[in-house]
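*Asks:* Next input, structure requested:
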Amino acid sequence: GNRNFDFDGQLYAGYSVMEGKDFHFQYESNQIDLDSVRYFDLFVPTGNLDENNKPEAFSIGSRIEHLQGVLLVDAPNNKSGRKDIPIFPSLQSKGNSFVFYDRTDTQGGVYTRDSFYFEIAPFSFDHLDRYGPQDVKFKGELFSNGMFPEIKETLVLQDDQSLGFTTETPTEGYPAYDDKGTFTGEMKLDNNGLLGKGRLNYLQAVVDAEDFTFMPKRTTASADAFDLEEDRVGEIPVPEVHGEAVNLEWRPYSDSLIVKSAEAPFELYQANDHQLEGTLVLTPSGLRGSGNLGWSLGEAQSTIFSFGANSAIADTMLIKINVLEVDDRLGLETGNVNGTLDYDEGIGHFEANDESVITTLPYNQYTTSMNKFDWDMKGSTITFESDKDNPALFTSIHPDQDSLQFFGEEATYDLKSSLLAIHGVDYI
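*Replies:* I've put the predicted structure just below:
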């Protein structure tokens with residue numbers, strides 16, 4: 001009679017489980033046609049026996065999905081299983097099957113299955129009842145929706161028991177994120193995500209790191225080194241920058257590379273005299289940043305700096321200028337000013353954003369309401385201006401001068417001698 005039958009559900013074959021529907025057992029050929037396997041799970045024997053004297057096996061951390069094929073149960077003339085034919089049971093897949101990496105514990109589930117997956121080519125998996133880790137291997141391609149080109153590789157068991165691979169990019173690297181940048185080095189895929197060790201190039205920046213994590217919309221790393229090459233001739237000038245042990249986030253589809261200083265400040269400009277503690281953001285429109293910009297002559301703080309090849313501009317900044325005759329003493333300090341620092345020309349220009357802004361001259365122990373001044377860094381002088389019809393107020397903050405006050409129209413501050421010369425004083 002007809003001994004064929006159809007069934008759905010779970011099929012156990014050696015150290016594997018197949019779950020699906022439209023399974024068809026063919027008695028004469030002693031095989032099962034698998035029209036729709038939803039999951040193909042593998043349990044790799046360890047070679048050890050458990051407390052019940054049964055073989056131990058561990059479940060691998062990946063599933064093969066959407067599989068079609070044929071399970072050869074045994075030879076057609078060996079239905080009773082009298083002979084031990086090592087090749088059986090044997091799974092012969094037809095068409096492509098898939099491994100996905102959309103688990104929530106894999107970078108929060110960012111690798112959605114519609115855009116990131118490994119496509120396995122048709123394969124044969126023999127002796128499902130007696131195999132080892134070395135037998136778990138599947139050829140195919142990684143598709144990442146433009147993160148990188150299709151990568152032809154072989155999935156094998158990784159340290160976390162998932163299916164993945166480790167590979168090297170070509171010498172010229174892989175174009176990354178629809179050619180927004182280039183990555184060169186080692187790439188690794190497992191249940192931690194798509195990881196990298198090597199070099200990332202973006203615009204004029206070069207980033208070297210051992211722990212790149214490539215995700216569909218961003219890349220993160222704790223970089224060993226970040227370097228930006230000075231560009232004076234391009235459409236958008238940028239300064240030379242060097243940073244070590246920095247944290248970065250690259251958002252390629254927002255065209256921005258965000259780099260934060262961690263253990264040490266950034267070194268800015270070619271003079272090797274400027275350090276920034278804070279954050280830099282590189283975009284096609286230039287280099288911006290926030291934090292504390294310090295150098296031998298002074299210090300500037302802002303939440304939004306715009307950096308040129310050898311300059312810094314901020315709509316709102318706090319500026320501190322040192323006197324030169326005494327170490328670590330401030331000659332001037334003021335906040336809420338619109339400032340331009342041109343290190344090529346050695347000039348700083350500052351204007352208060354509000355009439356109420358007070359500038360403090362700590363070393364000379366005065367404050368002034370003058371809201372506009374120019375700093376000649378090379379000549380070591382500061383020139384103050386006030387409105388002609390509205391002279392500025394100078395107030396002594398010396399404890400023995402009882403808030404001495406007077407008005408002045410202009411002032412010059414010599415940072416070498418700490419001499420403050422005030423002009424246009426009618427009376428004291």
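*Asks:* Could you find the closest non-adjacent residue to Asp315?
*Replies:* Nearest non-adjacent residue to Asp315, counting by CB to CB, 6 or more residues apart in numbering: Asn338, 5.5 Å away. (C-beta placed from N, C-alpha, C; glycine too.)
*Asks:* That neighbour: neighbouring residues, count only.
*Replies:* 15 (other CB atoms under 10 Å).
*Asks:* starting at the chain centroid, how far to stretch 53-66?
*Replies:* How far stretch 53-66 lies from its chain's middle: 34 Å, per CA atoms, centre = their mean, to the nearest Å.
*Asks:* quick one: low-confidence ranges for the stretch 1-150 of the chain?
*Replies:* Scanning the stretch 1-150 of the chain with the threshold set as pLDDT under 70 gives 1.
*Asks:* Mind jotting down where the strands sit in it?
*Replies:* Counting by DSSP state E, counting those that start in this stretch, the segments of the stretch 1-150 of the chain that form strands are 5-12, 16-26, 31-49, 55-59, 64-72, 90-94, 97-100, 117-120, 124-125, 137-143.
*Asks:* and of these, who's closest to Ser306?
*Replies:* Judged by CB to CB, the one of those that comes nearest to Ser306 is strand 137-143, at 39.5 Å.
*Asks:* mind listing what that closest one pairs with, with the direction of each?
*Replies:* strand 117-120 (antiparallel), strand 151-157 (antiparallel) (DSSP bridges).
*Asks:* what's the most buried one of the ones you listed?
*Replies:* Each of the strands paired with strand 137-143 was scored by mean neighbour count; the highest is strand 117-120, a mean of 21, by mean count of other CB atoms under 10 Å.
*Asks:* Next, the contact list for His24, please.
*Replies:* Shown in contact with His24 (CB atoms under 8 Å, 6 or more residues apart in numbering): Asn4, Phe5, Asp6, Ile32, Asp33, Asp35.
*Asks:* just those residues now: which is nearest Ile60?
*Replies:* Nearest to Ile60 among the contacts of His24, with distances taken as CB to CB, is Ile32, at 22.1 Å.
*Asks:* what about that closest one, neighbour count?
*Replies:* For Ile32, the count of nearby residues is 22 (other CB under 10 Å).
*Asks:* At which residues are the strands of the stretch 301-428 of the chain located?
*Replies:* Using DSSP E, counting those that start in this stretch, strands in the stretch 301-428 of the chain cover 311-322, 330-342, 347-352, 359-361, 366-368, 372-376, 381-385, 392-396, 405-408, 410-414, 419-423.
*Asks:* Using TSV, lay out the ones you listed together with distance to Leu11 and mean pLDDT.
*Replies:* Below are the strands of the stretch 301-428 of the chain laid out as TSV (distance: least, CB to CB, whole Å; pLDDT from 0 to 100):
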stretch	distance to Leu11	mean pLDDT
strand 311-322	68	96
strand 330-342	72	95
strand 347-352	77	96
strand 359-361	81	92
strand 366-368	85	89
strand 372-376	80	95
strand 381-385	84	93
strand 392-396	89	86
strand 405-408	94	83
strand 410-414	87	91
strand 419-423	91	89
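*Asks:* Just send these back as JSON lines, with distance to Pro252 too.
*Replies:* Listed next are the strands of the stretch 301-428 of the chain as JSON lines, based on distance: least, CB to CB, whole Å:
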{"stretch": "strand 311-322", "distance to Pro252": "26"}
{"stretch": "strand 330-342", "distance to Pro252": "31"}
{"stretch": "strand 347-352", "distance to Pro252": "36"}
{"stretch": "strand 359-361", "distance to Pro252": "43"}
{"stretch": "strand 366-368", "distance to Pro252": "48"}
{"stretch": "strand 372-376", "distance to Pro252": "39"}
{"stretch": "strand 381-385", "distance to Pro252": "44"}
{"stretch": "strand 392-396", "distance to Pro252": "50"}
{"stretch": "strand 405-408", "distance to Pro252": "54"}
{"stretch": "strand 410-414", "distance to Pro252": "47"}
{"stretch": "strand 419-423", "distance to Pro252": "52"}
